[in-house]
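*Asks:* Structure of the sequence below:
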Amino acid sequence: MLVPLSQVLYKAPNQPHASTDAAYIPFFLQDSPQPGIRLSEARNPQVLQRLQQRHEPVPIDCRAKASIRIQPTGYRAFSKQKHFRRVVGGQHTTINHEKVVQLVADVVQDFIRDAQLMVAVPPGAVRFGSGYIELDRIVLLGLRRASPASFQPELAILL
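*Replies:* Have a look, this model is predicted:
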């Protein structure tokens, strides 16, 4: 059973009225009754073979680098900049779905590493780290554009 991970939605402070194209990229595995992909499987070739649109570039227009931002309720904002565009055959192209899954997994793993150092977690907030929620229980459902150069993953916890 999947339970959505409640997050504070990111709004760029220097662009409070900026409109984004509201891009949303869902992730699905072929022959799976559930949406999404476990982030612990982001580098598993057998699982990635089942990722729908695996080799297709993500349908977004963005800069070479963009931030992946997460902020589960009760935690401070966490973000990392990652390359979303690359040069192939002299042309700039957006990375594919497989690479996006891997980038999000890296950012969420870094977040977990930082979050487990928190001494006090607010009541009702999910705990992350050893003995609590780790990468193997986090599912990437989709990625939404939060600002022109930021994306926020839609995550769920596998119970």
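*Asks:* hmm, who's touching the lowest-mean-pLDDT helix or strand in the chain?
*Replies:* The helix or strand of the chain with the lowest confidence, counting by mean pLDDT, DSSP states H and E, is strand 85-88 at a mean of 75. When contacts are defined by CB atoms under 8 Å, 6 or more residues apart in numbering, strand 85-88 is touched by residues 62-64, 92-95. C-beta coordinates here come from the backbone N, C-alpha and C atoms, glycine included.
*Asks:* next SSE after it?
*Replies:* Next helix or strand after strand 85-88 toward the C-terminus (DSSP states H and E): strand 91-94.
*Asks:* For that next one, the averaged confidence score.
*Replies:* Per-residue pLDDT values over strand 91-94 give a mean of 80.
*Asks:* ok, now stretch 27-37?
*Replies:* 95.
*Asks:* List the buried residues in it.
*Replies:* Residues 27-29, 35-37 are the ones in stretch 27-37 that count as buried (16 or more other CB atoms under 10 Å).
*Asks:* Okay, and which of these map to strands?
*Replies:* Cross-referencing the buried residues of stretch 27-37 against strands under DSSP state E gives residue 37.
*Asks:* in this structure, which ranges drop under the pLDDT threshold?
*Replies:* 15-22, 63 (pLDDT under 70).
*Asks:* which residues in it form strands?
*Replies:* Under DSSP E, the chain gives strands at 2-4, 24-26, 37-38, 65-70, 78-83, 85-88, 91-94, 138-147, 150-158.
*Asks:* which other helices and strands contact the first one?
*Replies:* Using 3 or more CB pairs under 8 Å, 6 or more residues apart in numbering; DSSP states H and E as the contact criterion, the neighbours of strand 2-4 among helices and strands are strand 138-147, strand 150-158.
*Asks:* next one: the last one
*Replies:* In terms of contacts (3+ CB pairs under 8 Å, 6+ apart), strand 150-158 is packed against strand 2-4, strand 65-70, helix 97-115, strand 138-147.
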